[in-house]
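> What would the 3D arrangement of this be:
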Amino acid sequence: SQPTSQPSPDATAAAYLSAWEAGDYATMYARLSPASRAAIDAESFARRYQNALATATVLTVTTRLQSALREGDRAYVSFQLALDTALVGTLITDTVMSLSLHEQQWWVDWDEGLIWPQLAGGHYFRMEYIIPVRANIYDRAGLGLATEGTIVTVGVIPGQIEDENAVLAALALVTGLSPDEIRGRYAVAPADWKVPIADIPAEVSVDHNDLLTSIPGIYRDEKEGRTYPHGGVAPHVVGWVAPVPAEEWEAYRARGYRGDEWVGVSGLEAWGEEILAGRHGGVLTVVTPAGDRVATVAERPAVPGRAIYTTFDRDFQEQVQQILGGRRGAIVVLDVHTGAVLALASGPGFDPNVFVGPA
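Modelled structure (predicted):
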């Protein structure tokens, strides 16, 4: 009879690591020893890997077997692990996988340390994102076309309204919305809710401060965000920002985005996203289940965004937009000597600030 081949711990380890590189957690789980499978179910096992890799912004997993040591029915396989992350570069470590022999087959004795050595004992990854301020878009003289500034959300608390006509008149004045549209936004809201009506520029809030302060039922909240001065100058060209589109989430994740950022979706804001947004930085740490920091694994500083200067003349551009008015059409003004675009208006126009207002 032919001699039976001896099972190899190397082969089990290689199959396990190959499955990990492919994200095949079912195959990985099938290689666990009976004791390991008794300690964690397949769904929790997969989720433990997925959560750790997602938190660390891991894009690819690469492993390389190095050596194996067998001691009776125990074996220890050392391997190099490389996790290529979107935010803090490539993490590389040498670690060891323990295996045990059961019924003539080698199985992986699993613990969290196989994901990353410092996760042993129930520890977790935590990522602190460092997100640079979005840079501005300017005209040729350094006047802002798209800037980071203070946005004021103006709204109502229905239960505090004493004179609804006064509320509607004041909000119509500062937002440009009709009284019916304003009333429709809070009509069915509970009395104690803060109901946002619109975002307005900080200067409008300041100009009408006495009026807005004097009328019960109106509130204002401030936040930092993207603003388009003067109601949007050259909005078709400058574009606007919006939350990361769902269909583009994976592409942004691969660039280290957290997912709650506002990104350019049109015009120069979209074309110059990498220039304006800079590069995210991060600090990856290991923490206990209680959230106490154990160690810093890796960190990378953020790279500031860079401003974009256009050839527009903002004041002249506004005049050209006023000439076009609400008519359909376009006006392009070039510098006859250099070919630089001094103004480019397209009608009908719009105010990009409405796209960064409350939903």
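
> Counting neighbours, what do you get for Pro34?
If you count neighbours by other CB atoms under 10 Å, Pro34 ends up with 11. All C-beta spots, glycine's among them, are computed from the backbone N, C-alpha and C.

> what's the pLDDT at the closest residue to it other than its chain neighbours?
Counting by CB to CB, 6 or more residues apart in numbering, His102 is the residue found nearest to Pro34 once chain neighbours are left out, at 6.4 Å. Note for His102: predicted pLDDT of 93.

> Let me see the ranges of the strands in the stretch 251-359 of the chain.
Counting by DSSP state E, counting those that start in this stretch, the stretch 251-359 of the chain has strands at residues 262-264, 281-287, 293-300, 308-309, 329-334, 341-347.

> List the buried residues for the helix or strand that contains Met28?
Following DSSP states H and E, one finds Met28 within helix 25-30. Buried positions in helix 25-30, judged by neighbour count with 16 or more other CB atoms under 10 Å: Tyr25, Met28, Tyr29.

> For Val241, see how far away the closest residue to Pro245 other than its chain neighbours is.
Closest residue to Pro245 apart from its sequence neighbours, by CB to CB, 6+ apart: Val265 at 6.7 Å. According to CB to CB, to the nearest Å, Val265 and Val241 sit 7 Å apart.

> what about the two, which has more around it?
Taking neighbours as other CB under 10 Å, Val265 and Val241 compare with Val241 leading, 23 against 17.

> Throw the buried residues of helix 25-30 into JSON lines and include distance to Leu211, thanks.
Below are the buried residues of helix 25-30 laid out as JSON lines (distance: CB to CB, whole Å):
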{"residue": "Tyr25", "distance to Leu211": "60"}
{"residue": "Met28", "distance to Leu211": "65"}
{"residue": "Tyr29", "distance to Leu211": "65"}
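
> so which of the residues you listed comes closest to Gly281?
Distance to Gly281 across the buried residues of helix 25-30 (CB to CB) is lowest for Tyr25, with 30.1 Å.

> Not counting sequence-adjacent ones, nearest residue to that closest one?
Spatially, and ignoring its direct neighbours in sequence, Tyr25 is nearest to Ala46 (3.7 Å; CB to CB, 6+ apart).

> A helix includes that neighbour, no?
Yes: counting by DSSP: H, G, I helix; E, B strand; the rest coil, Ala46 is part of a helix.

> now it: how far from Val238?
From Ala46 to Val238 the distance is 45 Å (CB to CB).

> if you count what's nearby, which of the two comes out ahead?
Set Ala46 next to Val238 and count neighbours by other CB under 10 Å: Val238 wins out with 22 against 17.
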